[in-house]
Structure formats: C-alpha cells, structure tokens
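Participant: sequence first, predicted model second:
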Amino acid sequence: MSVKGEVKERTDIGLKEPPQYNVVMLNDDFTTMEFVVEILEDIFHKEPAEANRLMMLVHKSGSAVVGAYPYDIAATKVNEAMARAKAEGFPFRMRLEEA
C-alpha cells in the first residue's frame, strides 16, 4: 500500500565480473615435462589428460594459456608455481596478460 507523497527509490546494484587474466606458461629447454604436468595438476587443478595436452602445447608452440582467473587468483597461482620451480632448480617461467 502506497502512502501519498512516498517516493519509491530504485536501487540497481550493478555487480560485474572482475576482469580476467590469462596465465601463460612459457617453454624452456630445462624444466622437465613431468614437472610441468605436476604444476598443471596441483596448482591449476587440471585433469591428467588435460595437463598432458597443455604441456605438449607449451612444448610445441613455445607458450600456452593454461587458465583465466581474476587478477589476485592468477597472481597467486603464478607465484606458487614459480616458487615451486625455484625450489626444484628449474628456470620455469609464466606471465599474466589481460584476457
């Protein structure tokens, strides 16, 4: 029931998705294929078949997008992968690019 003179206010809550960032894995001649698959399975939660497919794509083409995430998640995954690679002595590299 409306009261005379009452003003109805329309509130539009404009929620929008955060921008996505591609995580790009780069090939090198020293990081083992097994290590790359392990990173894809453990950090990026890829199934074994998908992890192997992505690893071969990186190996053959020099780089590949392995996932798209909001910036904070993408950066955390890259940092975790890079720290693990450093601990293992691999020159493994990744980068972020806006999707």
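Facilitator: Perfect, thanks for sending it. The structure displayed is predicted, hence computed values, not measured ones.

Participant: which residues does the closest residue to residue 62 other than its chain neighbours contact?
Facilitator: Sequence neighbours aside, residue 27 is the residue nearest to residue 62 in space, at 4.9 Å (criterion: Cβ to Cβ, 6 or more residues apart in numbering). In this view, the C-beta of every residue, glycine as well, is placed from N, C-alpha and C. By Cβ atoms under 8 Å, 6 or more residues apart in numbering, the contact set of residue 27 is 58-59, 61-63.

Participant: same thing with residue 89?
Facilitator: Residues near residue 89 by Cβ under 8 Å, 6+ apart: none.

Participant: neighbours of the nearest residue to residue 88 once chain neighbours are set aside, how many?
Facilitator: Counting by Cβ to Cβ, 6+ apart, residue 88 lies nearest to residue 35, which is 6.4 Å off, once chain neighbours are set aside. Residue 35 has 17 neighbouring residues, counting by other Cβ atoms under 10 Å.
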